[in-house]
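> Just the structure for this:
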Amino acid sequence: MLKKGICGVLTALAAAGFCGCERRPAYTTVEGVMLGTTLRVVADVRGVSAQELYATVMELDREAKASMSIYDETSLLSRLNRNETDSVDRHIAFNLHLADSIGALSDGRYDVTVKPLVEAWGFAGKERVEHPNVDSILGFVGREKVRIEAGRLVKDDPRVQLDFNSVAKGYTVDLLAALVEKYGAENYLVDIGGEVRCRGVNPRGEGWRIGIETPFDGNMSNGEYLQKRIRLHEGGLATSGNYRRFYLDAEGNKVAHTIDPRTGRSALSRLLSVTVAAPTCAEADALGTMFLAMGADDALAAAKRMPGMKVYFILAGDGDGYEEYISPAMEALIMQ
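Next up is the predicted model:
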């Protein structure tokens, strides 16, 4: 009788999922191209096939590009920049508001009105100007020169143009995370071009592992050269660097895509790579650009003034070596 009773209890515990051997949820994987870069989704969605999920993701891709792309001449943002309309949608309104929040931390180094400068230096889909008239362009750059009133974009100067490339990808990652949550996902990782948002655990029941690339010039590998790995259970993660999108001018000087809107020139320093973990990927994306534009000394000082900021900086050291700064809040996420 005793043995039978124990077996009955164990059976009941197993049925209730207390034996430690409960089945893990099934994960669906979707891969492809989104926003012109790599896409990967791993999520325990319910009631939707991989094909159906992919089709919905592609609808989101079209919506994001139709709103915020500076490369698509028909996008809403392109038409706003050409003053063909002044109506804004929810995506542009959100990102402009977030830009204000991050800009307030940056002492003018984070500013989404940099498009004319980015374009002049050849990083906005236009052919670069060999010696752009930076002083002239700076006259219509400045976040204070544009605002939203009653759903309309108001510019103090019609030449003001917006560029959300420093936040739009992270913001779209957040939209993608909301999409898989709509399909019941409790555990997921969504990744667009290396910017991620995750929740819960991976199919092995562990936190999601994300690699941080070694920032040597021209590193276009897909995870072959990693400096660190981060384990994340919740939130967004983004890395910014000047080691991929750059060129050498006629004098052999490096010109990188991160522009300091105060000077109108590339924000180059010994700070090579910035990784930020934040509640959302949009925040992580924008903060990464902000710190990179600040340069090494100011970025280090700013990070140390911000309690709870989760940052990992890779800086040029002596010779070919690197130096690292890991904020106290980030240390728990670094895999040893």
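
> Would you map the strands across the stretch 201-336 of the chain?
208-213, 226-232, 234-241, 246-248, 254-256, 259-260, 265-266, 271-278, 310-316, 322-326 (DSSP state E, counting those that start in this stretch).

> Surely A278 is in contact with F291?
No: counting by CB atoms under 8 Å, F291 is not a contact partner of A278; they are 11.9 Å apart. Bear in mind the C-beta positions are built from the backbone N, C-alpha and C, glycine included.

> if we can go back for a sec, let me have the strands of the stretch 201-336 of the chain in a markdown table, extended by mean neighbour count and distance to H91.
Shown next, in a markdown table, are the strands of the stretch 201-336 of the chain (neighbours: other CB atoms under 10 Å; distance: least, CB to CB, whole Å):
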| stretch | mean neighbour count | distance to H91 |
| --- | --- | --- |
| strand 208-213 | 20 | 25 |
| strand 226-232 | 16 | 25 |
| strand 234-241 | 23 | 17 |
| strand 246-248 | 13 | 28 |
| strand 254-256 | 17 | 27 |
| strand 259-260 | 24 | 23 |
| strand 265-266 | 18 | 28 |
| strand 271-278 | 26 | 19 |
| strand 310-316 | 22 | 26 |
| strand 322-326 | 16 | 33 |
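
> now those strands as a markdown table including distance to N165 and mean pLDDT?
As requested, the strands of the stretch 201-336 of the chain are exported to a markdown table (distance: least, CB to CB, whole Å; pLDDT from 0 to 100):
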| stretch | distance to N165 | mean pLDDT |
| --- | --- | --- |
| strand 208-213 | 19 | 94 |
| strand 226-232 | 23 | 93 |
| strand 234-241 | 11 | 94 |
| strand 246-248 | 15 | 58 |
| strand 254-256 | 14 | 65 |
| strand 259-260 | 11 | 84 |
| strand 265-266 | 15 | 80 |
| strand 271-278 | 16 | 94 |
| strand 310-316 | 21 | 94 |
| strand 322-326 | 25 | 94 |
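
> now those as CSV including distance to L105?
Putting the strands of the stretch 201-336 of the chain into CSV (distance: least, CB to CB, whole Å) gives the following:
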stretch, distance to L105
strand 208-213, 23
strand 226-232, 22
strand 234-241, 15
strand 246-248, 25
strand 254-256, 22
strand 259-260, 15
strand 265-266, 21
strand 271-278, 12
strand 310-316, 12
strand 322-326, 17
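
> Select, out of those, the one closest to K115.
Nearest of those to K115, taken as CB to CB: strand 259-260 at 9.7 Å.

> Neighbouring strands of the closest one in the sheet, and parallel or not?
Its sheet considered, strand 259-260 pairs with strand 265-266 (antiparallel) by DSSP bridges.

> The closest residue to Y27 other than its chain neighbours: neighbour count?
Nearest residue to Y27 in three dimensions, chain neighbours excluded: P203, at 4.8 Å (CB to CB, 6 or more residues apart in numbering). Neighbour count for P203, taken as other CB atoms under 10 Å: 13.

> if we can go back for a sec, mind checking the strands of the stretch 201-336 of the chain for the one nearest to D157?
Of all those, it is strand 259-260 that lies closest to D157, at 18.5 Å by CB to CB.

> And the pLDDT for the residue nearest to Y27?
What the model reports for P203 is a pLDDT of 96.

> related to what we said a few turns ago, quick one, which of the strands of the stretch 201-336 of the chain is nearest to S87?
strand 259-260 (27.7 Å).

> what's next to the lengthiest helix in the chain, contact-wise?
With secondary structure taken from DSSP state H, the chain has its longest helix at helix 50-68. In this structure, residues lying in contact with helix 50-68 by CB atoms under 8 Å, 6 or more residues apart in numbering are 28-30, 32, 34-35, 39, 41, 45, 48, 72, 74-77, 89, 91-92, 95, 164, 168, 171-172, 175-176, 179-180, 183.
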